[in-house]
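Colleague: my questions are about this predicted structure, shown below with the sequence.
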Amino acid sequence: MQSVATQRYWQKILTALLFVVALPAFAATPKELLAAGRVDDAIQILQDRIRHSANDAEANNLLCRAYFMLEDWDHAIDTCERAKTLDPHVSLYELWLGRAYGEKADRAGFFSAAGLVRKVRTSFERAVELDPKSWEARADLAEFYLDAPGIVGGGRDKAQAQANDVAQFNPAVGHWIAARIAAKNHDTASAEREYRAAITANQSLGRAWVDLAAFLFRNNRPDDMEQVLRSLESVPVEQHEALRDGASILLRAGRNFPLAVRLLRRYLSSPVEEAPAFKAHDMLGQLLEKQGDRQAAVAEFRAALSLAHTYTRAEEDLKRAER
């Protein structure tokens, strides 16, 4: 048995070690914090940075992206608008502004949404104009054209034009947009062929794997959907968020929770901004809870809240799991 003094000694050593391990985290840049999903820390640092330099366009854009993670669309729009105003020649700032307007439009009433949708189009088109080689901007603009009615500037012919343009420098994304167009046209054979062509063109294009899986599930082919996600599990992916999205499909489908857990654990080993780590921890907690491991689920819900203390979904999940 260790004496009380010995136990205290080792507790002090452990505390010191934990402090040393944590030191690099405090030196992390806001971009690194966002990539790690540490949204609370990122917001605090960025707000301080803007207080000292109100004309810092990059800081405002990063703060917009932090609020975007938290689904705080109004604050995201305000800070992205400031970033664009401070530096109107950066494609990335327009892209994130369009995304924030788009999310708010999805949740707005009919009349409010119409005005917001026009702002989405303006921002995405400007993002492409500023950087024609940005496949992310072209992909978002193509999706807008596919989803928006013609009265606010939508049109499948416009989406096809984006597919044609992006295919010249990123064939995989060109195939991916073509698949989305075919799916909108209810041409399931062509859609599946284009999704698979996107994967063949670039195995690491995670978005194509996940969208193919979702497409197969919507078309009542759950076994094929699982096969695609099992394949995704074993390939390197540039878009690491695809692993989180694949797990989400399995959770919604109520299928193969162990595979979903493996995808999420792999994702959390190297999270990215596009799929906030706190949301991935919460999803992992849901999966573990469904498999009967409530203690592990509680740990994941708490991990989510340690990164984003205002994340309501994790708060609700933790309360339920602790009952």
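Modeller: All right, it came through fine.
Colleague: quick one: low-confidence ranges for the chain?
Modeller: Judged against pLDDT under 70, the low-scoring parts of the chain cover residues 1-27.
Colleague: if we go to 90?
Modeller: When residues are selected by pLDDT under 90, those of the chain lie in 1-28, 108-115, 203-205, 238-239, 323.
Colleague: quick check: domain ranges of it?
Modeller: Annotated domains of the chain cover 26-129, 132-208, 218-323 [automatic domain parsing].
Colleague: mean neighbour count added to those domains, as TSV?
Modeller: Yep, even glycine has a C-beta here, placed from its N, CA and C like the rest. Conversion of the domains of the chain to TSV gives the following (neighbours: other CB atoms under 10 Å):
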stretch	mean neighbour count
domain 26-129	19
domain 132-208	19
domain 218-323	19
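Colleague: I figured I199 hits W209, correct?
Modeller: Yes. With contacts counted by CB atoms under 8 Å, I199 reaches W209, the gap being 6.1 Å.
Colleague: which strand or helix spans H89?
Modeller: Secondary structure from DSSP states H and E places H89 outside every helix and strand.
Colleague: now do the same contact list for it.
Modeller: The neighbourhood of H89, defined by CB atoms under 8 Å, 6 or more residues apart in numbering, consists of L130.
Colleague: would you mind measuring from it to V120?
Modeller: Using CB to CB, to the nearest Å, one gets 20 Å for the distance from H89 to V120.
Colleague: got it, and A59?
Modeller: Per CB to CB, A59 is found 24 Å from V120.
Colleague: what do you get for D41?
Modeller: Counting by CB to CB, the gap between D41 and V120 amounts to 30 Å.
Colleague: likewise L284?
Modeller: In this structure, L284 and V120 are separated by 32 Å, where distance is defined by CB to CB.
Colleague: could you pull up the contacting residues of L97?
Modeller: L97 makes contact with C64, I77, C80, E81, A83, K84, K119, S123 under the criterion CB under 8 Å, 6+ apart.
Colleague: switch to 10 Å and redo it
Modeller: 61, 64, 76-77, 79-84, 119-120, 122-124, 126-127 (CB atoms under 10 Å, 6 or more residues apart in numbering).
Colleague: so what sits against both of I199 and W209?
Modeller: Listed as contacting both I199 and W209 by CB under 10 Å, 6+ apart are V228, S231, L232, V235.
Colleague: if we ignore the residues flanking it in sequence, what's nearest the second one?
Modeller: Spatial nearest neighbour of S231, chain neighbours left out: W209 (7.3 Å); criterion: CB to CB, 6 or more residues apart in numbering.
Colleague: residue ranges for the helices of the stretch 151-300 of the chain, please.
Modeller: When assigned using DSSP state H, counting those that start in this stretch, the helices of the stretch 151-300 of the chain occupy the ranges 156-167, 171-184, 188-201, 206-218, 222-233, 241-253, 257-268, 277-290, 294-307.
Colleague: okay, these in CSV with distance to L97 next?
Modeller: Output for the helices of the stretch 151-300 of the chain, formatted as CSV (distance: least, CB to CB, whole Å):
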stretch, distance to L97
helix 156-167, 19
helix 171-184, 21
helix 188-201, 27
helix 206-218, 21
helix 222-233, 31
helix 241-253, 20
helix 257-268, 27
helix 277-290, 22
helix 294-307, 25
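Colleague: so for F110, which of the ones you listed sits nearest?
Modeller: Distance to F110, taken as CB to CB, is lowest for helix 171-184 among the helices of the stretch 151-300 of the chain, at 21.7 Å.
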